[in-house]
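Participant: Got a sequence here, can you model it:
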Amino acid sequence: MKKIGITIIVAVMWALAPVQSMNFNMDFTAVPQVAKSGPVEVYYFHMSRRCMTCQTVEKVAEEALTENFKQALEKGEIVFKSVNIEDKANKALLKKLKVSGQALLVVNGTEKIDITDKGFLYAVNEPAKLKLEIKTHILRFIK
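Facilitator: Purely as a prediction, here's the structure:
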């Protein structure tokens, strides 16, 4: 029985020997850089009648931008737009961004990040989490 155990251990070590000599030096800390394509646009799409949560999502999103990106807002590098989806004048924008209901989006060029679920989850009770979420996605585009 002891010989079988030793044989198994030797066989496993022999099988894993090539793996030990392989170079697995991978850098998982590198964050892919996204090329900046015009201003980063943060859109809040809403209906005409809005509940307290809907209004708070917009308010917290604006606060996130002014607290973290005041100069970029002033330079037009970041833009916040509150868009009424029931206004026919916004139909082309809705179609372009494929929006059919309330939404909170971070857009740069052709890339769109939908953070609507986080907006409604955090805006009222944990606004700091929503602000961090918005900041994180914007930094992805401007770095």
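
Participant: Could you check how far the closest residue to T110 other than its chain neighbours is from E77?
Facilitator: Spatially, and ignoring its direct neighbours in sequence, T110 is nearest to S37 (7.4 Å; C-beta to C-beta, 6 or more residues apart in numbering). Just so you know, the C-beta spots here come from the backbone N, C-alpha and C atoms, and that holds for glycine as well. With the distance defined as C-beta to C-beta, to the nearest Å, S37 ends up 12 Å from E77.

Participant: shared neighbours of those two, which are they?
Facilitator: The contact sets of S37 and E77 do not overlap (C-beta atoms under 8 Å, 6 or more residues apart in numbering).

Participant: which of these two has more neighbours?
Facilitator: The residue with more neighbours, out of S37 and E77, is E77; 16 against 12, by other C-beta atoms under 10 Å.

Participant: Is it correct that that one is in contact with G38?
Facilitator: No - using C-beta atoms under 8 Å, E77 is not in contact with G38, being 9.1 Å away.

Participant: Now do A64: how many residues are near it, please.
Facilitator: When neighbours are counted by other C-beta under 10 Å, A64 comes out with 21.

Participant: need the contact list for it.
Facilitator: With contact set as C-beta under 8 Å, 6+ apart, A64 has these partners: L130, K131, I134, K135.

Participant: before we move on, which element is it in?
Facilitator: helix 52-68 (DSSP states H and E).

Participant: any idea which helix or strand comes after that helix?
Facilitator: Counting by DSSP H and E, the next helix or strand C-terminal to helix 52-68 is helix 70-75.

Participant: Tell me the gap between that next one and the middle of its chain.
Facilitator: 20 Å (C-alpha atoms, centre = their mean, to the nearest Å).

Participant: tilt between the helix or strand following it and helix 52-68?
Facilitator: Next along the chain after helix 70-75, taking DSSP H and E as the criterion, comes strand 78-84. Using axes from the mean of the first three to the mean of the last three C-alpha atoms, to 10 degrees, the inter-axis angle of strand 78-84 relative to helix 52-68 is 170 degrees.

Participant: how about strand 78-84: buried residues?
Facilitator: Neighbour counts over strand 78-84 (16 or more other C-beta atoms under 10 Å) mark I78, F80, V83 as buried.
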